[in-house]
Structure formats: C-alpha cells, structure tokens
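Enquirer: here's my sequence, what's the structure:
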Amino acid sequence: KVQKCTVCSARGDTMTYTAVLLGDADKNGSITASDARFVLRASVNLEKCESGTELFTVCDVDKNKVITASDARLILRASVNLETLN
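Expert: Model prediction:
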C-alpha cells in the first residue's frame, strides 16, 4: 500500500502487508492434510500453538478461542475442497 497525495500526486510512505491463509499452519500458501495433522496434535498439546500468537489465529479456524479436533477436521475438509474457511 502506498500513500499518495490527492492534490499533487506525491508518493508518501509505503506499507507492506502479508496475507495469512486461515488453516495454513505451515504457511506454505496452501491448506493440506499436514496442516490438519499439526492442528490435531496442537489440540492435545503435542505441538506448541499458544493463544495470542499469529499461529494460534491461523489454527483456530472456528474462532472459538480454543484449538480443538474440530479445527483440525475443518482444515482437513478444506484441504479436499469440502469446506471453505473464512
């Protein structure tokens, strides 16, 4: 995103944003069974996924503030196009 003056068209500050794909725990740009496996393991504390982190936000696909097997199920369904994650 680039700021631009509406009067003289001078360019201002440039800001770069990184899009985060909901359910993409490994941040490789696609939702796969591997992401679902990570979230399932995180739901039983076999993987580290702390509340308040970006990773937690990506993994908590049902947005109930808890990583559960339900999140893993939704991610697995999304990996085979049976679910759309918003």
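
Enquirer: right, and I75 touches V39 too?
Expert: Yes. Counting by CB atoms under 8 Å, I75 does reach V39; the two are 5.6 Å apart. Glycine gets a C-beta too; all of them are placed from N, C-alpha and C.

Enquirer: now for these two: what residues contact both?
Expert: Common contacts of I75 and V39 (CB atoms under 8 Å, 6 or more residues apart in numbering): G23, A25, C59, V61.

Enquirer: okay, the first one: pLDDT?
Expert: Predicted confidence (pLDDT) for G23: 96.

Enquirer: which stretches of this structure have low pLDDT?
Expert: Counting by pLDDT under 70, the ranges of the chain that qualify are 1-2, 15-18.

Enquirer: that one: strands as residue ranges?
Expert: Ranges of strands in the chain, per DSSP state E, are 2-4, 11-14.

Enquirer: in TSV: the ones you listed, plus distance to L82.
Expert: Formatted as TSV, the strands of the chain follow (distance: least, CB to CB, whole Å):
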stretch	distance to L82
strand 2-4	39
strand 11-14	39
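
Enquirer: what's the closest of those strands to L46?
Expert: strand 11-14 (41.1 Å; CB to CB).

Enquirer: I'm done for today, thanks for sticking with me.
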